[in-house]
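Peer 1: A structural model of the following input is requested.
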Amino acid sequence: MNKKYRIFIVVILCLVLVVAAGCQQKPATQEEKKEEKSKLDYPTKPITFIVTYSAGGGTDTGVRILHKYAEKYIGQSVVIVNKPGGGGEVGLVEIKNSKNDGYTIGNFNSAHVMAAALREVKYDPLADFEFICQQVEDPRLFAVRADDERFKNFEDFLNYAKENPGQLTIATSGAGTTGHFSIEAFNHFAKVDVKPVHFGGAGESRAAFLGGHVDAIAQTVGEVKQMVEEGQARIIAIAAEERLDLFPDTPTFMEKGIDLVIASSRGICAPAGTPKEIVDYLADAYKKAMEEPEYIEEMNKLGLPIKYLPPDKFRKSMEKASELYKTLVEVIEQ
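Peer 2: Okay, here's the model as predicted:
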């Protein structure tokens, strides 16, 4: 073999080895690419989180607890701003109209879907938002003050409503909320006439209730748990399919022959058109936060039932709720 031929063979072998090495190099996965891109592009500054209800309510409290643990996974501070009014409409419209760059997000509750089914609103609950995740699923209930001797149990409450049409008042967090709907559903299914009284959030409705300005309150487990534990309130019935472990002695409406099952689903949304990679990035950060033992402990103490749903499942849940509420509104308005 001559010298030129040997050199030619060596060059070919070198080329083969280089190509083989390149072929063996593992390409980056989609997850790795997404993670790398997210780290490079988002977030690079603090995020504004709009709470569509007043401070002190169940939504506000849950959001603030969540961000104690979520900020480290998000990688930036989150500034929480309360924008109450219109049963959540004021804040939600502000979220809708914000720039869809991931730096303005906020809460999205099933109450917002309910409002759209009950009345004309300035947003489309399904088209105007990207769903990031669900945080809480909290059943509705009716509660009375613990010292109100008129209502020692559900039967007393129901009989009073029947004997005094239009006189029994129940506080809600706002017109169009699931609390409002639970009262209207109660009127329909129990064939009574109780009067919903609307306030600008759970905090305001609770103050009015404790101050004796209304007879009862339509809220969630998380929003009345402390009042019950402190001996200020007594739950009449819960709008769940089964009794809750937290209140095993409290009946459901269904036990009393009233087909009322409704929960407050609370989650997080962004304006429509927010890039999917940002939505997924935030959903993953919130999921990690919701798995923190300290977060779970805090939420349990407040009676805020955690139920994480990722973007696609949260959207499907709200789509299902929209159809259900529209159907029930038609039944109530007949």
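Peer 1: what about the helices in the stretch 51-200 of the chain?
Peer 2: 58-74, 89-96, 110-118, 154-163, 178-190 (DSSP state H, counting those that start in this stretch).
Peer 1: Select, out of those, the one closest to Val51.
Peer 2: helix 58-74 (5.0 Å; Cβ to Cβ). Bear in mind the C-beta positions are built from the backbone N, C-alpha and C, glycine included.
Peer 1: Quick one: mean pLDDT over the closest one.
Peer 2: Per-residue pLDDT over helix 58-74 has a mean of 96.
Peer 1: what angle do it and helix 110-118 make?
Peer 2: 130 degrees (axes from the mean of the first three to the mean of the last three Cα atoms, to 10 degrees).
Peer 1: Dump helix 58-74 to PDB, restricted to CA.
Peer 2: Taking Å, rounded to 0.1, in the frame of the first residue of the first chain, the C-alpha atoms of helix 58-74 are listed here in PDB:
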ATOM      1  CA  GLY A  58     -61.400  33.100  50.600                       C
ATOM      2  CA  THR A  59     -60.000  33.800  47.200                       C
ATOM      3  CA  ASP A  60     -57.700  36.500  48.400                       C
ATOM      4  CA  THR A  61     -56.400  34.500  51.400                       C
ATOM      5  CA  GLY A  62     -55.800  31.400  49.200                       C
ATOM      6  CA  VAL A  63     -53.900  33.500  46.600                       C
ATOM      7  CA  ARG A  64     -51.700  35.100  49.200                       C
ATOM      8  CA  ILE A  65     -50.800  31.800  50.800                       C
ATOM      9  CA  LEU A  66     -50.000  30.200  47.400                       C
ATOM     10  CA  HIS A  67     -47.600  32.900  46.500                       C
ATOM     11  CA  LYS A  68     -45.600  32.500  49.700                       C
ATOM     12  CA  TYR A  69     -44.500  29.200  48.200                       C
ATOM     13  CA  ALA A  70     -44.800  29.900  44.400                       C
ATOM     14  CA  GLU A  71     -42.500  32.900  44.100                       C
ATOM     15  CA  LYS A  72     -39.400  30.700  44.400                       C
ATOM     16  CA  TYR A  73     -40.500  28.500  41.600                       C
ATOM     17  CA  ILE A  74     -41.700  31.400  39.400                       C
END
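Peer 1: Please point out which parts of that helix sit buried.
Peer 2: 58-63, 65-67, 69-71, 74 (16 or more other Cβ atoms under 10 Å).
Peer 1: One more: stretch 75-95?
Peer 2: So for stretch 75-95, counting by 16+ other Cβ under 10 Å, buried means 78, 80, 82-95.
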